[in-house]
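In: Model the structure of this input:
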Amino acid sequence: MVCNGGYSVVITTCADNESAKRLAGVLVSERLAACIQLFPIESVYFWKGEVCCEGEIVLFIKTKTDLFDRLSSAIVEHHSYELPEIIRLPITGGLPEYLWWISETTQN
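Out: Next up is the predicted model:
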């Protein structure tokens, strides 16, 4: 029942809710992600010689691991940031029916 390629949660951030929803819509409509959750956060980071503190929206993107390269390319293509955060975390376990749904919802 579980896809041989495995599953991942990919994390990225966007500047605001509008750009996060737009990016999430692209990724889901292109079937690169089964589900994307959006959460408001505060980020403190070092960028171009300065410490910055800004509100952002973090996206938790559920996908198949074998789609990561295409998903990553799509994020870069549609993202407003010069250097978007793109981090892949493996899903090492989960409800088999939910993992199957990820397989069925994303591209084969």
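In: can you list the residues that contact the longest helix anywhere in the chain?
Out: Ranked by residue count and defined by DSSP state H, the top helix of the chain is helix 17-29. The set of residues that contact helix 17-29 without belonging to it, under C-beta atoms under 8 Å, 6 or more residues apart in numbering, is 12, 14, 33-36, 38, 40, 57, 59, 61, 71, 74-75, 78-80. For every residue, glycine as well, the C-beta is placed using N, CA and C.
In: Buried among those residues? Make that a PyMOL selection.
Out: Below is the selection syntax for PyMOL that covers the buried ones among the contacts of helix 17-29, with 16 or more other C-beta atoms under 10 Å defining burial:
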select buried, resi 12+14+33+34+35+36+57+59+61+71+74+75+79
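In: In helices, which of the contacts of helix 17-29 fall?
Out: 71, 74-75, 78.
In: Now do the buried residues in stretch 76-91.
Out: Neighbour-count burial for stretch 76-91, with 16+ other C-beta under 10 Å as criterion, is recorded at 79, 85-86, 91.
In: Next up, the contacts around residue 36.
Out: Residue 36 is in contact with 24, 27-28, 59-62, counting by C-beta under 8 Å, 6+ apart.
In: re the thing from before, among the contacts of helix 17-29, which lie within strands?
Out: Of the positions in the contacts of helix 17-29, 12, 14, 35-36, 38, 40, 57, 59, 61 sit in strands, assigned by DSSP state E.
In: which one of those sits closest to residue 100?
Out: Compare each of the ones in strands among the contacts of helix 17-29 with residue 100 using C-beta to C-beta and the shortest gap goes to residue 35, at 13.3 Å.
In: Okay, and the beta partners of that closest one?
Out: Using DSSP bridges, the bridge partners assigned to residue 35 are residue 62.
In: distance of it from residue 48?
Out: Relative to residue 48, residue 35 is positioned 34 Å away (criterion: C-beta to C-beta, to the nearest Å).
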